[in-house]
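> Give the three-dimensional model of this entry:
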Amino acid sequence: MTDTAQEFGTAHELGTSATLWELVERRAALTPDAPALLQAAASARDDRRMTFRALRARAERTAAGLYGMGVRPGTRVAWQLPTRIETVVLTMALARLGAVQTPLIPFYRDREVDFALRASGARFLAVPGRWRGFDHTAMAHRLAARLSDPPLVFEAYDTLPEADPDAVPLPPPPTDGTAVRWIYWTSGTTSEPKGVLHTDRSLIAAGACLGHALRLRPDDIGSMAFPYAHVAGPDYTVMLLLYGFPAVLLEHFALPASLAAYRRHKVTVAGGSTAFYSMFLAEQRKDPGHKLIPTLRLLAGGGAPKPPELYYEVVRELGCQLTHGYGMTEVPMITMGAPDDTPHHLATTEGRPPTDMEIRIVDRDGKSLPLGTDGDVRLRGEAVCAGYLDEAQTREAFDADGFLITGDLGHLTEEGYLVLTGRSKDVIIRKGENISAKEVEQLLYEHPDVGDVAVIGLPDAVRGELVCAVVEQPAGAEPLTLEAAIAYLRTQGLSVHKLPERLEVVDALPRNDTLRKVLKYKLRERFA
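Modelled structure (predicted):
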C-alpha cells in the first residue's frame, strides 16, 4: 500500500480550494480496493466492509438520489444518524453536491433538534427511523408540524436515496474549500447550544494535522466509537482518506460488549476521550494477565481534561501508548501529543500545536504573557471555525486580531507544549484568591477510593465561592468523607485555602453523549 501521506502532501499544500469530495476522489484513485469502512456487528458474520472505490461510487449514486429529491448546492440538510457506513456515505454525497450539512447527535431529543432545525433553517432531515428504542421518525414529523416551513423528513439507516449519476445532470463538484458547508452544535458544557460554522478547509486542516501528530500509517486499523455526528466524525474520515487506512465503526460503544469487534478486526488505534481511557482500563483490570486488545498500539483522544496519573496507568496496564490532545467543536484539532514525546510531556501537557495554529496566552486586558505564565488561551489558524450562526456570538468570540477566545486557561512551555490549567468558569474565587479546579481534581483523582471527580465553585455569602468536590467512586470502594478527602489532599501538599469545604458523592457524574465530557453546569445547578 502506498504511503499516501507523502502523495497528498501537507494540509497546507492541499490549498484552500481542497474539498472533502476531492479527497474522496483522490483516495479512490490511489487505493481503490483498500478497505475504508468496517461496520462492526454483534457477530462476525454480520460485519460489513466497504472499499474506497465503493465509497466513492455509492456516494455518487446517493448524491444523484438526493439531487432528485431537490437537494442543491447550498441546501441545508440536517441529519441525525448513528455511526454507520450509510451515514458516512450520506455525508460524502452531500459533500459531492456542496450542500450545507448540520449533523445532530443521535441522543438529542425534541428540545435540541427543534432548536437546530429552527436556527439552521434546514430543508431536509435524515433520521434512522426507530433506533435503540426511540422513534426518531415520529419525533421528526412532530417537530416538522410545528414549523411554518417544515423540512422534508426521510429515513437513512439501511437504505439511502439513490439514482444513476449518469442519468442525472449533477452539478460540478464544489471547488471552494473555504465556503461554509457545516453547522455543528456545541453541546458539552453549556445549557444553550451554538451553531458552529465550519468549512471543508477547516475540517481538512484539523484532520490532516491530527493524523500527522499521531504518526498514523496505512497499515493501521482505526476505530470510531463516538457518534459520527460529532465534529470528530469528518476529521477522522479525513485521516482515512489521507492515509488510506480503514476504521471500525461501532454503532453503539459499550464495554465489554464492543471488545469482540476490536479484537477480530485487530484494531491498532482506539480512544475518544478521557472517559474512554478509563473504561478500557476498568476492563483490563478484570483480567490483568492478558492484554485487553492484543493489537492495540495507541490510545488517542481529547475533549476533556486528563489526570497525569491516568497516562501512566494506561501505558503500564494496557501496554500501549497514550496521546492526548486539545480540541473543541470550534477548533477540532488545536494541540496533540505525539507517540514519540517524552512520558512527562504526554502525562502533563496537551501536546504541541501544528505549524499553522497560533496560540496566544493573554491577560484579562488581552496583553500577551510570557512563556510559563497562565492566562487566557486564544487561537488563530486554518482549523478554526468561521464563526457562529448568530453573528453577535461571532463578534463576542473573536478578538480584534481575529483570535478565537476559548474560555480556557493555560500556558505554553519553552518547548512549545500547551498546559491547560482549567476554564475561566472553573477558576473558583474564594475570599479573593483564585483556585484552579483542575489542580484539586488531579490530586483527588489519585485517591484509591475515587473513580472520577469534578470540582466546582458554589456561591457562598461569606467566601464569595466555596470549593465543592463531586466524586464518583469505583465499585467496592470505602465510602469517602470530606474529612478523609481533606486529610489526603493535605498529604499531597495542597495549600490550605484550596481545600474543599464540601464533598458530594454521586453514582455517576453527568456527562454528554458524545465524548462523555462532565457537564459541570449541571453539577452547579444541582448543588448550588
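> mean confidence for stretch 441-451?
For stretch 441-451, mean pLDDT rounds to 93.
> Kindly check the end-to-end length of that stretch for me.
With CA to CA, to the nearest Å as the measure, the first residue of stretch 441-451 is 11 Å from its last.
> swap in stretch 161-175?
First-to-last residue span, stretch 161-175, CA to CA: 24 Å.
> What of stretch 376-394?
18 Å.
> what comes up buried for it?
By neighbour count on 16 or more other CB atoms under 10 Å, the buried set for stretch 376-394 is 376-389, 394. (C-beta placed from N, C-alpha, C; glycine too.)
> where are the low-confidence patches of this structure?
1-17, 187-192, 432 (pLDDT under 70).
> So for it, the centremost residue is which one?
residue 232 (4.5 Å; CA atoms, centre = their mean).
> Residue 216 and residue 421, how far apart?
Noted for residue 216: a distance of 30 Å to residue 421, by CB to CB, to the nearest Å.
> need the strands for the stretch 101-250 of the chain, in chain order.
124-127, 130-131, 134-135, 152-155, 180-185, 195-199, 222-224, 247-249 (DSSP state E, counting those that start in this stretch).
> now for those strands, which one comes closest to residue 52?
With CB to CB as the measure, strand 247-249 is the member of the strands of the stretch 101-250 of the chain nearest residue 52 (12.0 Å).
> What strands flank that closest one, and is each parallel or antiparallel?
Partners of strand 247-249 in the sheet, by DSSP bridges, are strand 35-39 (parallel), strand 222-224 (parallel).
> Reformat these as TSV; add mean neighbour count and distance to residue 85.
As requested, those are exported to TSV (neighbours: other CB atoms under 10 Å; distance: least, CB to CB, whole Å):
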stretch	mean neighbour count	distance to residue 85
strand 35-39	22	5
strand 222-224	25	11
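> Using TSV, lay out the ones you listed together with distance to residue 66.
Output for the strands paired with strand 247-249, formatted as TSV (distance: least, CB to CB, whole Å):
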stretch	distance to residue 66
strand 35-39	20
strand 222-224	23
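> Please identify the one among those strands that comes closest to residue 173.
strand 35-39 (18.9 Å).
> So for the helix or strand following that closest one, what gets flagged as buried?
Counting by DSSP states H and E, the next helix or strand C-terminal to strand 35-39 is strand 48-51. For strand 48-51, burial by neighbour count (16+ other CB under 10 Å) applies to 50-51.
> and strand 48-51, what does it pack onto?
In terms of contacts (3 or more CB pairs under 8 Å, 6 or more residues apart in numbering; DSSP states H and E), strand 48-51 is packed against strand 35-39.
> Counting by contacts, list what the helix or strand hosting residue 66 packs against.
Following DSSP H and E, the helix or strand that holds residue 66 is helix 52-69. Contacts defined by 3+ CB pairs under 8 Å, 6+ apart place helix 52-69 against helix 20-30, strand 35-39, helix 85-97.
> count of residues packed around residue 508?
Residues lying near residue 508 (other CB atoms under 10 Å) number 8.
> can you check residue 494 too?
Per other CB under 10 Å, the neighbour tally for residue 494 reads 18.
> Helix, strand or coil: sort out residue 414 for me.
coil (DSSP: H, G, I helix; E, B strand; the rest coil).
> can I assume it is in contact with residue 373?
No: counting by CB atoms under 8 Å, residue 414 stays clear of residue 373, with 11.9 Å between them.
> So for these two, which sits in the more crowded spot?
A count of neighbours by other CB under 10 Å puts residue 373 above the other of residue 414 and residue 373, at 11 against 7.
> Leaving out chain neighbours, which residue sits closest to the more buried one?
residue 411 (5.6 Å; CB to CB, 6 or more residues apart in numbering).
> how about the one you found, phi and psi?
Geometry field for residue 411 lists phi and psi as phi -150, psi 160, criterion degrees, to the nearest 10.
> That one and residue 372 touch, don't they?
Yes: using CB under 8 Å, residue 411 makes contact with residue 372 at a distance of 5.6 Å.
> Neighbour count: those two, which is higher?
residue 411 (19 against 11).
> ok, that one - contacts?
Residue 411 is in contact with 361, 369, 371-375, 418-419, 421, counting by CB atoms under 8 Å, 6 or more residues apart in numbering.
> again, only this time at 7 Å
361, 372-375, 419 (CB atoms under 7 Å, 6 or more residues apart in numbering).
> tell me which of these is nearest to residue 183?
Nearest to residue 183 among the contacts of residue 411, with distances taken as CB to CB, is residue 361, at 29.9 Å.
> okay, now the residue nearest to that closest one when sequence neighbours are not counted: neighbour count?
Excluding its sequence neighbours, the residue lying closest to residue 361 (CB to CB, 6+ apart) is residue 375, at 4.3 Å. Neighbourhood size, residue 375 [other CB under 10 Å]: 20.
> Help me confirm that residue 375 comes into contact with residue 363.
Yes: shown here, residue 375 and residue 363 form a contact pair, counting by CB atoms under 7 Å, at 5.3 Å.
> what do those two both touch?
residue 369.
> Which residues are in contact with the residue nearest to the centre of the chain?
Contacts of residue 232 (CB under 7 Å, 6+ apart): 226, 332.
> likewise residue 39?
Taking CB under 7 Å, 6+ apart as the test, what residue 39 contacts is 47-48, 84-85, 249.
> Show me what it bridges to in the sheet.
With DSSP bridges as the rule, residue 39 is bridged to residue 48, residue 249.
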